[in-house]
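Participant: any chance you can model this:
(2 chains)
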Amino acid sequence: MGDTTATLERLRRAFDESFAAPRRTTAADLERLLFARVSGETVAMRTRDLAAVSRCPPLTAAPSTQPALLGLASVRGSIVAVYHLGVLLGRDPDRNAIGWIAPWPKDRTVALWFEEIVGFERLDRPPTSAEVRVVDQHGTPRLLLDVSSMLQAMLSHATPPGAEDGKP
Amino acid sequence: MKFNWTFGRKVGAGFALVVALTLVMACVGLLALHQVVAGKDHIIMHLGRDLVDAERMRAAMQSEVANVRGFLLSGQQRYLEAAHAADRDFEDAVARIQERGIDDDGKRHIDTILAAKKEHQQELDELLQRRATGEIVDAAELYEMRAFPKFEAFADNVRAFVRERERLREARSEEASDIATRATGLLVLFGLGAVVASVVTALALTRTLNRQLAPSILHLRSSGAELQASATQQASAAKEQATAMSEITTTIGELLATSRQIARSGQHVAQAATNSTQSARAGEDAVHKAREAVTAIRQQVDALVQHMLDLGKKSQQIGGILEIINELADQTNILAINATIEAAGAGEAGRRFAVVGEEIRKLADRVGGSTKEIRGLIEEIRSAVNTTVMVTEAGSKAVDVGAERFQELQNAFTRIGQMVGSTTEAGKEIELSTKQQATAVEQVNIAIGNVAQTTRETETSSQQVLQTAAQLATLSDELDRLVRSHRS
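Facilitator: Alright, predicted model coming up:
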């Protein structure tokens, strides 16, 4: 009973302190990272590279030359192409769980699929563009993905179906 | 063939041999003496008497001749009667010789003498008849002429008979002497043989005794030494035994005291058994009450189990609610993340909203963490409830077992009461037996005293045996010395 009472007291104090703490409006507050697990590896993604996070809806298979394309899904009335983040990273295409999807804010018809949300961190100091690894809340360095660059590269290499025939 | 004769038999055989030789020698001597005596008797009884009777015959003939001459010269009758008396003496002598028996030569001489006597008698009878009738006057001369030669012949025959008897007497005498000489030789020979046989027998017996006695003496010496050692050991053992008997006597005395103490304790045990019977009955009543209390406990335990089961169900319901809360927390977290993302996408205008979303996300994380902790607590409660239910059920079963045990205990107390009753009787019997045992121990004490006395006597006997063994050793040494000196 003593532990339970102490836990309740700690929760109550943390809740009150969260509202009592002064608001931080520095630039660092704008950089947040989402840690996700895919193909057995935990990676970090900037939230500004993600439009939203939601459970992966049922997918409809679609023919494609991209091996990372899992299928098409309906997200809030829009058709979204779902790509396997692990395959884009060159990992094994494991997909045992239902997983999560995160649409790309620049093109909401493209979404990344990953297995599990591991954590959500706010960085006091935003990482530079040269940094490829960040440290999570447990002190473990994780691979920091540049989702926008990765998707742009992928989409730039993708050939539209009519382009091969020289049609617009 | 080997004879295993005893020393007495061998010595007896040696003496028997010597005695046999002596008897043979005596028999030979007796036979020779008998023959010599027989020869002498024959000489004395027959030949001597024959010679005497022969001399009487000659004397009778001379007397008859002289009286006949007297009658022929004087014509007196008394000479004639004397002549007839002499003639009867002659015939008596002849009759005695013939009655004693005579050999053929003697008989022939006697016949010759009688024939010569008859011729001489015929001449004498004629002369006497003619002298009686007066027919002749000078009869003496006629006698000298006619009868005297007959007389001479007769006298010659008598002398020949006498010489023959004397010769025969000498021959018999020499024969008896020869027999005596031979008997003497035989006696000397047998005497020497007996001496030699005695010496040989003595030497053989001596050698046999030495040969057979020496190992026996050695064995006797060895046995004497062993007997002395055994007697020494026995004396020591008897002394130790006497000491042990003394200790046993002391121990028996202590045992006697202990037996008396046990007898008194037996009385106390009997009294305690009587008290135990009463206590067993009281215990039986207490167990009966305890059994009723256990039954009440069992009812309470059943109610406790039911409450615990209800508590488990409530815990499961709380767990279900926590699942909902946890799911809501996850949803809130996702909503907060999305709100943060949307706020970030809204730029500066959404910054405050992003702060709120961040706080909501943290709150959702905390709620999720708290629900995990509460789930852990609920799991602990459920585990504790399950454990309590199991323990309570085990306690219920234990109470059932305890109730059964109380029943068994009550039965056991009943049996204990019966056994204590039996124990009381047994205690009385033990008391009686212990008294008898004390009496027996007293008797044993007396017997041990007798044994101790016997042991002391045994010790004395052992000392005597030791002395006897020493004497036996000395005797064996003396015997060995005698045998060795005899052999040397």
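Participant: just the element for the closest residue to chain A within the stretch 151-300 of chain B, please.
Facilitator: Chain A sits closest to B:Gln300 of the stretch 151-300 of chain B, with a gap of 24.9 Å, by CB to the nearest CB. To be clear about C-beta, it is placed using only N, CA and C from the backbone, and glycine gets the same treatment. Element membership of B:Gln300 [criterion: DSSP states H and E] is helix B:148-345.
Participant: packing partners for the next helix or strand after that helix?
Facilitator: Sequence-wise, the next helix or strand downstream of helix B:148-345 (DSSP H and E) is helix B:351-487. Helix B:351-487 sits against helix A:2-20, helix B:148-345, with contacts defined as 3 or more CB pairs under 8 Å, 6 or more residues apart in numbering or on different chains; DSSP states H and E.
Participant: the longest one vs helix B:351-487, what angle?
Facilitator: Relative orientation of helix B:148-345 versus helix B:351-487 (axes from the mean of the first three to the mean of the last three CA atoms, to 10 degrees): 170 degrees.
Participant: how about the least confident helix or strand in chain B by mean pLDDT: buried residues?
Facilitator: Of all regular secondary-structure elements in chain B, judged by mean pLDDT, DSSP states H and E, the least confident is helix B:139-142 with a mean of 75. Buried residues in helix B:139-142, counted by 16 or more other CB atoms under 10 Å in any protein chain shown: B:139-140, B:142.
Participant: out of the residues you listed, who's nearest B:Glu442?
Facilitator: Set against B:Glu442, the nearest of the buried residues of helix B:139-142 by CB to CB is B:Ala140 (141.6 Å).
Participant: surely that closest one touches B:Ser74?
Facilitator: No - using CB atoms under 8 Å, B:Ala140 is not in contact with B:Ser74, being 10.1 Å away.
Participant: rewinding a little: near chain A too, which of the buried residues of helix B:139-142?
Facilitator: By CB under 8 Å from any CB of the partner chain, no member of the buried residues of helix B:139-142 lies near chain A.
Participant: adding distance to B:Ser276, write those out as a markdown table.
Facilitator: Compiled in a markdown table, the buried residues of helix B:139-142 are given as follows (distance: CB to CB, whole Å):
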| residue | distance to B:Ser276 |
| --- | --- |
| B:Ala139 | 171 |
| B:Ala140 | 170 |
| B:Leu142 | 172 |
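Participant: hang on, the earlier thing: so which other helices or strands are in contact with the least confident helix or strand of chain B?
Facilitator: Under the contact criterion of 3+ CB pairs under 8 Å, 6+ apart, helix B:139-142 touches helix B:49-74, helix B:104-133.
Participant: so where is chain B shaky, pLDDT-wise?
Facilitator: B:1-4, B:137, B:484-488 (pLDDT under 70).
Participant: ok, now with 90
Facilitator: Low-confidence segments of chain B (pLDDT under 90): B:1-81, B:83-84, B:86-87, B:90-91, B:93-94, B:96-488.
Participant: which residues of it lie near chain A?
Facilitator: Checking chain B against chain A by CB under 8 Å from any CB, the hits are B:333-334, B:337-338, B:340-342, B:344-345, B:351-352, B:354-355, B:358-359, B:361-363, B:366, B:370, B:373, B:377.
Participant: please repeat the previous calculation with a cut-off of 7 Å.
Facilitator: With CB under 7 Å from any CB of the partner chain as the criterion, chain B meets chain A at residues B:334, B:337-338, B:340-341, B:344-345, B:351, B:355, B:358-359, B:361-363, B:366, B:370, B:373, B:377.
Participant: emit the PyMOL select command for whichever of the residues you listed are buried.
Facilitator: Filtering the residues of chain B next to chain A down to the buried ones (16+ other CB under 10 Å) takes a single PyMOL command:
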select buried, chain B and resi 334+337+338+340+341+344+355+358+361+362+363+366+370+377
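Participant: as a check, name the ranges of all strands in chain A.
Facilitator: For chain A, the strands defined by DSSP state E cover A:32-38, A:41-46, A:54-55, A:69-75, A:78-84, A:100-104, A:107-114, A:116-122, A:133-135, A:141-145.
Participant: for those, give me JSON lines that also has mean neighbour count.
Facilitator: Formatted as JSON lines, the strands of chain A follow (neighbours: other CB atoms under 10 Å in any protein chain shown):
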{"stretch": "strand A:32-38", "mean neighbour count": "23"}
{"stretch": "strand A:41-46", "mean neighbour count": "20"}
{"stretch": "strand A:54-55", "mean neighbour count": "14"}
{"stretch": "strand A:69-75", "mean neighbour count": "18"}
{"stretch": "strand A:78-84", "mean neighbour count": "20"}
{"stretch": "strand A:100-104", "mean neighbour count": "24"}
{"stretch": "strand A:107-114", "mean neighbour count": "21"}
{"stretch": "strand A:116-122", "mean neighbour count": "17"}
{"stretch": "strand A:133-135", "mean neighbour count": "14"}
{"stretch": "strand A:141-145", "mean neighbour count": "17"}
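Participant: ranking the ones you listed by mean pLDDT, which is last?
Facilitator: In terms of average pLDDT, strand A:133-135 trails the rest of the strands of chain A, at a mean of 81.
Participant: what lines up beside that strand in the sheet?
Facilitator: Partners of strand A:133-135 in the sheet, by DSSP bridges, are strand A:141-145 (antiparallel).
Participant: contacts made by the strand it pairs with with the rest, please.
Facilitator: The contact list for strand A:141-145 (CB atoms under 7 Å, 6 or more residues apart in numbering or on different chains) reads A:35, A:42-45, A:127, A:131-136.
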